[in-house]
Each structure stands twice: as C-alpha cells, then as structure tokens.
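S.K.: Can you look at this prediction? I've put the sequence above it.
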Amino acid sequence: MMDLWSKAFFFGMNGCDPILSQIPVRVQKEGDSAHIGGSKMEYKKLSVSTSFDIKEGEGMTVDDFIDLPVSLGDQMAGQQAKSIFEMLQKPSPHGVPLAWKTGELKFEHILENWEKMEIDFGNDGQPRWPTHFLQPAAMAEFKEKLQEAHNTPECREKWAQLVERKRKEFDEREARRRLVD
Amino acid sequence: MRERLVEDWLTRINERGYESSFCQTLISQGYRICRCGHSPIEHGKDVLAISPEGAVCAYQLKTGDFGQSDFARCRDQIITLVETLPTHPSLPAQYEYKPYFVTTGEFKDPAVSLVNEYNTSWQKRNLPTLHLISGRHLLADFIRLSLDFWPVEAPDVRRFRELYLVDGRGDFDIEQFARFITEILRDIKSGLDLKRRVAAANLFSSYLLGDFYKQNDHWSVLQGWTVCAAQIAWAGLSGNHPVANWVDSCKIAQNAAFAALESLAKEVLTEKAFAVKDRELDEFVRTRNTVAISAAACWQLISNRHNPQTTDFQSTVHLLEDYLKRGRLYFWGEGALSQFLIFFWMLEQGGKRATACSLLLDWIKAVTQKNARLSENPIDDPYNSPDECLAKMIGKLLPGDPSRPQAVESYSLFPSILLAVRRNLREQLNIIWKPITNVSLAMFRPEAPEDALLWHCKKGKEYAEGFARPQSWIELRKMAFKDDRERVPKVLQDDVDFALLYSLVFQHRILRSLIKFLDDEFGKNIQRNDT
C-alpha cells in the first residue's frame, strides 16, 4: 500500500512542474558530500505534510488515496521550483535574472542580459539562446519586444553584433577543448 | 528455530559448502589453518590445520549419513588419510598427526564398529587412529559460534529470510547480503568481540550461500565470499585491531571465493558451457557470457602470475577473442568496467596488444558518445547491477510514469583515459578529445581508504568535474603515473590477487588508485617514457 502511495507522490512531483521536468537531477549515490565543478553542493531539506481524519473501520476512497499523494508531490515540486528560482537570482554564466516593471521592458535589457551569459552555437551555426521562465503576461511582452526589435534595423544591427561577439567567445571556448603539451 | 534452520542447512549442503564454516570453527578453537580446499594433491585431506597443542590435524569432509557400505566406498581415501603423512611448507619437521573423518550426517553403528577395528589395526602398526566428527557435533559448534548474531530486529529478520529462501540460481542479492554482513560486523567493542563477529560473518555467509553451492552457481558464491572477506578486513582495519585477530577468518572467506572462481574458470572451458537451454533475451545471454568469461579471465590472470602461459590461459584468451569478434559479449553499463578491465589485461598478457588497445579506445568512444552532457540515452552508472540495467533497457521500451531527466556523468571515462595515457595513446586520444571534454567525470572517494571495502560507504565525497580546457598532456601523464596506492585499502595492497577479485565483484567501486595499482601488476605495454 505504501509503495502505491510513494508511486503516486513521485508521479505528482515529477509530472506536474514544467520547469523541474526539464532540469536534470543528480542523485548522491554514496558518501556524505558532493563537489560539483569544484564547488561543494549545499543540500537543502524540503518537506511537505498532510493530515487525514481517523475513522472507525473506514479507509480512503480510491480517488482520495491517489489525489492526496499526487497533490503532496505537486507541493514538493513547487517548493523545489521555489528553491531553484532563489538560486537563479545569483547571476552566473549560465543564468541571469531578468526583471522589469510591466510595460517597461526594453530591447536593450534583453541584450544586456544575454551579454552576461555564455551562449553556445549548434552544428548549424545558429546560437542556442537561453530558456526564459516567465509568467504568461511577461512572456507575451518579451516576445512582442523581440518582434519589434526584429523589425527595427538599428536593433537588428545590435543583435547581429551581439551574435558575432558571442560566436567569437564560443569559438574561443571551443578552441580550448584540446590536448596540449 | 535457529537450530532447525542450521540443521536444515547442514542436511542440504554439499562438501564445499561447509568447508569454510568448518575451518572457522577450528580457528575459533585456536587451530591454525594450513590448507583448506579440494585439490588433486589433497590425498584425502580436505583441511589441514595445526591444533593449539601443536598436533597436525587433517580432515576429510563428507556429507550425509555414513554406513558400512559408504565406508567401503571411501576406503581408499580413508586409508590414504590415515596412513600418509601430510606435507605442507608450514608444517613443522616433527609432529603428532591426527586424522579426522567428518560428515554432516550421523555415523551408523556398523560403520563406527568398522572404524574401531581399523583403529586397532592401525594402532598395532604404530599408525595414528581415525577420529570421527558427526553432524551433531558440527551443529553444536555452528550454533555456538553464530548464537549471538542472529537477526532480531524485524527488517534484519526479513532480510535474512529473503536471502536464505532463494532458488540458488542467479538470484543472489549482493547488496542485501553485504548489508546483512555489515550489520554483524558493526559496533565492535573489543578484540575478542571482533573475533566472534568475524567468525559469525563467515558462518552466516556459509548459511546464505548454501543453495548457490548446491546449484553450482559459482558466480554468486564468489561474489558472496569476496564481499564477506572485504568486510571482515574493513572491520579489522577500521578499528585498528591487530591483524592476527581477523586475518585467518578473512583468509577463509578469500579462499572460498578463489575456489569458486577456479570452479567457474574450469566450467567456462568445458564443452557447451555457454549453451542456451531456454528462451532467453540475447542481451541477458551476452551479459552472462561477459560475466562468466571475465571471471575465467580473472582466474587465469591470477594463475598466470604463479604459473605463466598455461594451456588454460591460452584457451581463455582464444575464447575471449572469439566472443569479442562474434559480438557475443555485452557491456551492460559502466559497472561492466570491472569485466572490461579484466579483458583488457588478459588480451595484453595474451600478446594481443592491438586488440586490447582497440577495445580500450572503443570503450572510451562509446562512453564519450553516450554519456555526453544532456544525452538522453546514457550508459547506466556503475551503481546499477546487470539485472537492473537490463530491466531498465526493457522498461524504456514500455510506457511509464513521468520521470525527471538525470544528470549525465561518467565514472569510467577518466580511469579508461588514464589507461590509454599510460600506453601513450596520445594521437588516438587527440582525435576524440573535443567530445571527451563534453563529459562530466564523476568519482567517489571514501573518507578512509579502508571504507572502500564496504559495499555501501556512508562517509566520503562524490566529485563531478571535467578535463581542463585546454588539457595538458604532461599533466595527464603525471596523473596516470602518480603513485597514489596509499588510497588503496591495505588488504588489497598486500594481496594483489584478492585486489583483482575485489575489483571484479565491487563493480561500483571505480577507484582510479586501485585501477592504476592493478595496471602496474597486470598491465603490459605501459610506457613510462613519453617517447
């Protein structure tokens, strides 16, 4: 019975959050600490809880028995996502927070944001732009601003310059992936 | 209940299955074991030991009840046991000799009467007399030694029950077995307590491996004894106990593991050893081929150190080459690095340098390609057993619940590259270096070297790193030849044969220091100079 409960919990945790479902998980197999890329991993304990009524000789319905752990799993995923967003607030070459007041996003903000990040290029020579996690309204404004920029020659020029700078940085990074004496 | 269980085990076990536990009872009575195991030179003496009083005792082990007709059947063996003095390098020049005949059942009265008559005759001829040890006597000894260590807590009882109630054909749960033995060996309070616990570890291993002995599942037997020996050594080393308090028990477990390894190596070379007699998935069959041939190769590598280039060694090299060529081997996950390394060294020692190098580079290329960052179909990490990898492979073909992507790393790539660096394969590595840098290199380092002897290590650090960009070849060479054997548990440093067996069984314990240590011992074509 507890196996079923756990299965439903993990179903809720793994299947509900669109952001978490894209972020790879690293499981610690042995030992008591991990060092990734030279930095010590900081583990943070997260927990969720629930309660149910004790009834004489009466158990849960199938729906309740499944819904409760799925909902708990969903809450756990929410907590994990929150922790991840807190972590993403710290700028790094792989992620930079982008914040603006509604209606005040400028194309330059986006360029500045991407300028600070490492951009990779695919085998087709095209840049692999970072993924943005935004609320629907903010995403609509973001897309609109990009479309506007696309139609403005001056913005297109700035964009092309950024791509070239990033391509040069990428090529330099790639050139370092070799054996030397 | 406990008595019934040991009695049940004793009635079902074969001779080899209780050899180790019998030796353990002798050690616990102060005897020193000189030799344990069936061999063509045993001459009716399966176990040779020196008693606390200095008498040399030889034991012939049998199973079941013993009547007059059974005695007649074994007459020649018994006469050889009594009338020929044992020879062994560790025996003193002059000694009192005591032969024993042991069985797991009872001696029937006519048989006892016959032995008495023989004894009278031997006495008249100034020969030693034969002593009998029956199952009742063995049972009392076994129960006494294991009495305090029977599982009491519910999860431990359940684990014991599941480990004991097996079919004995491939259903050995090594992880649970290791956990059970660890429970016996933890919280050691004194030297005396250590002695009792290591004795119990050997006895319980005998109980739990009984059905695997019965079914001739040599692979499971050798895994079990290797884990037991390693964990006994851990108990001794981690508590800084005098070696004398645990080494004899450790040797018993090691010998039992080597005996099973030898049996498997012999079986592999018999006709139709690999015949598939039932409906089986080809990946499963190829996995079994890989495990069996690697165990055979492991035995041949060990034998080759003492008796080079025997016919069996050459036959095993040919068998390996043939199975490689025909694609009849299967490396199920990174845990198969254990098997891979044995094949690599076997091919090198068999004079097949080109095949060995090609195999090594193929492994590096495969891991690089499959375990690149963000890969969707990586090779499973070494913590997955062959069965788990096969189950996952089949599971991927079936629709399942949503799951999150796992971080993709490789535990085996760096050690494999170090082997290539030690053979100066710079040109070949240069060609594939760029994709190699796209792999996250994982490693586990136990807090203390001896903790590596535990199946599951609670203390230690995991690392995930990448090669430098650019990566200096000179630095790689330094890493490849740096002597860091102080990271290798002492018991493995002191016994390279056991170190090889350990690396075969502990498939998840990929230690660079151990691989380099073994490469020094078993590798050929190592080029210490850069030219």
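M.R.: Perfect, thanks for sending it.
S.K.: helix or strand for residue 171, which one?
M.R.: By default, I'm working from chain A. Using DSSP states H and E, A:D171 sits in helix A:153-175.
S.K.: again, but for A:F133
M.R.: Counting by DSSP H and E, there is no helix or strand that carries A:F133.
S.K.: Not counting its neighbours along the chain, what's nearest it?
M.R.: Leaving out its chain neighbours, the residue that sits closest to A:F133 by Cβ to Cβ, 6 or more residues apart in numbering or on different chains is A:I19, at 5.6 Å. In this view, the C-beta of every residue, glycine as well, is placed from N, C-alpha and C.
S.K.: Break chain B into its domains for me.
M.R.: Using automatic domain parsing, the domains assigned to chain B come out as B:1-148, B:151-268, B:276-297+B:308-395+B:405-522.
S.K.: need the ones you listed in CSV with mean neighbour count, distance to chain A and mean pLDDT, can you?
M.R.: Formatted as CSV, the domains of chain B follow (neighbours: other Cβ atoms under 10 Å in any protein chain shown; distance: least, Cβ to the nearest Cβ, whole Å; pLDDT from 0 to 100):
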stretch, mean neighbour count, distance to chain A, mean pLDDT
domain B:1-148, 17, 28, 90
domain B:151-268, 20, 12, 93
domain B:276-297+B:308-395+B:405-522, 19, 3, 95
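S.K.: so which of those comes closest to A:P153?
M.R.: Nearest to A:P153, of all those, is domain B:276-297+B:308-395+B:405-522, at 36.1 Å by Cβ to Cβ.
S.K.: before we move on, the earlier item: A:Q126: which of the domains of chain B is closest?
M.R.: When these are compared by Cβ to Cβ, domain B:276-297+B:308-395+B:405-522 sits nearest A:Q126, at 17.1 Å.
S.K.: excluding its backbone neighbours, what's nearest residue 68?
M.R.: Just so you know, I chose chain A. That would be A:T50: by Cβ to Cβ, 6+ apart, it lies 6.0 Å from A:L68.
S.K.: Please refer instead to chain B.
M.R.: B:P110 (4.1 Å).
S.K.: Am I right that that neighbour is in contact with B:G67?
M.R.: Yes: using Cβ atoms under 8 Å, B:P110 makes contact with B:G67 at a distance of 6.4 Å.
S.K.: B:R158 and B:V227, how far apart?
M.R.: From B:R158 over to B:V227 the distance is 20 Å, taken as Cβ to Cβ, to the nearest Å.
S.K.: what does B:V157 give?
M.R.: 20 Å.
S.K.: One more: A:A8?
M.R.: The gap separating A:A8 from B:V227 is 35 Å, by Cβ to Cβ.
S.K.: looking only at pLDDT, what's the mean for the top helix by length along chain A?
M.R.: Ordering each helix of chain A by length in residues (DSSP state H) puts helix A:62-88 first. Per-residue pLDDT over helix A:62-88 has a mean of 88.
S.K.: in the helix or strand that that helix is followed by, what counts as buried?
M.R.: Per DSSP H and E, the first helix or strand lying C-terminal to helix A:62-88 is helix A:107-115. Neighbour-count burial for helix A:107-115 flags A:107, A:110, A:113-114 (criterion: 16 or more other Cβ atoms under 10 Å in any protein chain shown).
S.K.: Contacts for helix A:107-115, please.
M.R.: The contact list for helix A:107-115 (Cβ atoms under 8 Å, 6 or more residues apart in numbering or on different chains) reads A:96, A:98, A:100, A:129-130, A:142, A:145-146, A:148-149, A:152, A:155, A:158-159, A:162, A:165-166.
S.K.: Then stretch B:484-494?
M.R.: Residues contacting stretch B:484-494 (Cβ under 8 Å, 6+ apart): B:230, B:233-234, B:237, B:250, B:445, B:449-450, B:452-453, B:498-499, B:502, B:511-514, B:516-517.
S.K.: Recalculate using a threshold of 10 Å.
M.R.: B:229-230, B:232-234, B:236-238, B:243, B:246-247, B:250, B:254, B:445-446, B:448-453, B:498-503, B:511-518, B:520 (Cβ atoms under 10 Å, 6 or more residues apart in numbering or on different chains).
S.K.: Among these, name the ones in strands.
M.R.: Members of the contacts of stretch B:484-494 lying in strands (criterion: DSSP state E): B:445-446.
S.K.: Give me the subset of the contacts of stretch B:484-494 lying in helices.
M.R.: Taking DSSP H, the ones among the contacts of stretch B:484-494 that sit in helices are B:229-230, B:232-234, B:236-238, B:247, B:250, B:254, B:498-503, B:512-518, B:520.
S.K.: which residues touch residue 47?
M.R.: I'll assume chain A. Neighbour list for A:S47: A:75-76, A:79 [criterion: Cβ under 10 Å, 6+ apart].
S.K.: my bad, the chain I had in mind was chain B
M.R.: B:19-20, B:22-23, B:26, B:31, B:33-38, B:57-61, B:100, B:102 are the contacts of B:V47 under Cβ under 10 Å, 6+ apart.
S.K.: can you rerun that using 7 Å?
M.R.: Listed by Cβ atoms under 7 Å, 6 or more residues apart in numbering or on different chains, the contact set of B:V47 reads B:19, B:22-23, B:33, B:36, B:59, B:61.
S.K.: and what of B:S503?
M.R.: B:338, B:341, B:514, B:518.
S.K.: For A:E42, state which of these is nearest.
M.R.: Using Cβ to Cβ, B:L514 comes nearest to A:E42 of the contacts of B:S503, at 30.3 Å.
S.K.: Name the nearest residue to the closest one, sequence neighbours excluded.
M.R.: In space, B:L514 is closest to B:V488, 5.1 Å off (Cβ to Cβ, 6+ apart).
S.K.: Over to A:Q89?
M.R.: Closest to A:Q89 by Cβ to Cβ, 6+ apart is A:P97, at 5.4 Å.
S.K.: any idea how far the one you found lies from A:L88?
M.R.: Relative to A:L88, and taking Cβ to Cβ, A:P97 is found at 6 Å.
S.K.: Between the two, tell me which one has more neighbours.
M.R.: Each of A:P97 and A:L88 has its neighbours counted (other Cβ atoms under 10 Å in any protein chain shown); A:L88 has more, 14 against 10.
S.K.: separation between the more buried one and B:T80?
M.R.: Taking Cβ to Cβ, one finds A:L88 at 79 Å from B:T80.
S.K.: do the same with A:K29
M.R.: Distance from A:K29 to B:T80, by Cβ to Cβ: 53 Å.
S.K.: Let me see the contact set for B:E262.
M.R.: So B:E262 contacts B:W299 (Cβ under 7 Å, 6+ apart).
S.K.: any idea which helix or strand comes after the helix or strand harbouring it?
M.R.: Assigned by DSSP H and E, B:E262 belongs to helix B:247-268. Note on helix B:247-268: by DSSP H and E, the next helix or strand toward the C-terminus is helix B:282-306.
S.K.: Can you name every helix or strand that the helix or strand that comes right after that next one contacts?
M.R.: Per DSSP H and E, helix B:282-306 leads on to helix B:311-325 as the next helix or strand towards the C-terminus. When contacts are defined as 3 or more Cβ pairs under 7 Å, 6 or more residues apart in numbering or on different chains; DSSP states H and E, helix B:311-325 sits against helix B:282-306, helix B:337-349.
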